[in-house]
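S.K.: show me how the following folds:
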Amino acid sequence: MANRKLRNLDAVEEAYLREHPDEMDAYIRDIFEEFAQTQNASALLASLRVIARVKGISDIAAHIGVTRQGLQKALSAKGNPRFENINAIMNAFGYRLMPQKIDRDVA
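M.R.: A predicted model of the protein is given here:
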């Protein structure tokens, strides 16, 4: 059997977004929609790491005024970035956090 190098999901997503930059808006909407439903911060941070790699970790870190290592730590699986850090990261990505009204029946 031939030796194959397997990629993880993050690597597949990163490659896809590099090849299809026009899909970034939908990807970001989807990851935040998923977070709103699941409250899975680790999954959100993993997806934000993918975006940071696509856009350039060093460039994003410089834009928000942290080191490359600081950004990687904040977006790591054990990271616990403050709200203002996530806001700054999203701004560096070219996005802003905006509230969206949810429709729900309140009884």
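
S.K.: please enumerate the strands of the protein.
M.R.: With DSSP state E as the definition, the chain shows no strands.

S.K.: with adjacent residues omitted, what lies nearest to the residue sitting nearest the centre point of it?
M.R.: Taking C-alpha atoms, centre = their mean as the criterion, Leu48 is the residue nearest the geometric centre of the chain, at 1.3 Å. Of all residues not flanking Leu48 in the chain, Leu75 sits nearest, at 5.3 Å (C-beta to C-beta, 6 or more residues apart in numbering). Any C-beta I mention is one placed from the backbone N, CA and C, and that applies to glycine too.

S.K.: so what's that neighbour up against?
M.R.: Neighbour list for Leu75: Leu45, Leu48, Arg49, Ala52, Pro81, Ile89 [criterion: C-beta atoms under 8 Å, 6 or more residues apart in numbering].

S.K.: can I get the residues you listed in JSON lines with pLDDT and distance to Met24?
M.R.: Listed next are the contacts of Leu75 as JSON lines, based on pLDDT from 0 to 100; distance: C-beta to C-beta, whole Å:
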{"residue": "Leu45", "pLDDT": "95", "distance to Met24": "17"}
{"residue": "Leu48", "pLDDT": "96", "distance to Met24": "12"}
{"residue": "Arg49", "pLDDT": "95", "distance to Met24": "14"}
{"residue": "Ala52", "pLDDT": "97", "distance to Met24": "12"}
{"residue": "Pro81", "pLDDT": "90", "distance to Met24": "20"}
{"residue": "Ile89", "pLDDT": "96", "distance to Met24": "14"}
